[in-house]
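Engineer: Got a predicted structure here, sequence first:
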Amino acid sequence: MKISRARLCLACLSALVLLLALTACGASYDQETYAKIQINMSLKEVIGILGEPTESKGVTLGGMSGTSASWKDDNGTISIQFVNGKVKMKSFTKPD
């Protein structure tokens, strides 16, 4: 079965529109999103809400692990400190 060039272009255009729509649905790093993050949430739960962090640094020392992660966009910065994979501290900063 041969696919016409017009149908192929339409399919590609539709896929592109869907991809752009899904990208627009990503988390916004604002006060409302920040409020969804709770102490003792797992890193996996946080990533489910915010997506992958913009920046992340970790350290392990004597059976304990610590990770500092941040998520940034034009609406603000959410910074979270994890101890053994659980939220222990969080902060939100609005851009200047």
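Structural biologist: Arrived safely. Everything numeric in this text was worked out from a predicted model, so none of it was measured. Residues are numbered from 1 along each chain as shown.

Engineer: Residue 54: what's it in contact with?
Structural biologist: When contacts are counted by Cβ atoms under 8 Å, 6 or more residues apart in numbering, residue 54 is found next to 70-72. Every residue, glycine included, has its C-beta placed from N, CA and C.

Engineer: Let's see if you can find the most crowded of those residues.
Structural biologist: Each of the contacts of residue 54 was scored by neighbours using other Cβ atoms under 10 Å; the highest score is residue 71's, at 26 neighbours.

Engineer: Quickly find the element holding that residue.
Structural biologist: For residue 71, the host element (DSSP states H and E) is strand 64-73.

Engineer: So in that sheet, which strands flank the helix or strand following that strand, and in what orientation?
Structural biologist: Counting by DSSP H and E, the next helix or strand C-terminal to strand 64-73 is strand 76-83. Applying DSSP bridges, strand 76-83 is found paired with strand 64-73 (antiparallel), strand 86-93 (antiparallel).

Engineer: Next one: the closest residue to residue 59 other than its chain neighbours from residue 80, what distance?
Structural biologist: In space, not counting the residues next to it along the chain, residue 59 is nearest to residue 66; the distance is 5.3 Å by Cβ to Cβ, 6 or more residues apart in numbering. For residue 66, the distance to residue 80 equals 11 Å [Cβ to Cβ, to the nearest Å].

Engineer: Which one's more surrounded, these two?
Structural biologist: Between residue 66 and residue 80, residue 80 has the larger neighbour count (other Cβ under 10 Å), namely 23 against 15.

Engineer: what's near enough to touch residue 67?
Structural biologist: Applying Cβ under 8 Å, 6+ apart, one finds that residue 67 lies in contact with 43, 56-59, 81-82, 85.

Engineer: mind listing what the residue nearest to residue 59 touches?
Structural biologist: 58-60, 81-83 are the contacts of residue 66 under Cβ under 8 Å, 6+ apart.

Engineer: would you list the residues you listed in CSV and tack on pLDDT, neighbour count and distance to residue 49?
Structural biologist: Formatted as CSV, the contacts of residue 66 follow (pLDDT from 0 to 100; neighbours: other Cβ atoms under 10 Å; distance: Cβ to Cβ, whole Å):
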residue, pLDDT, neighbour count, distance to residue 49
58, 96, 10, 20
59, 94, 9, 24
60, 94, 10, 25
81, 98, 15, 16
82, 98, 21, 14
83, 97, 13, 19
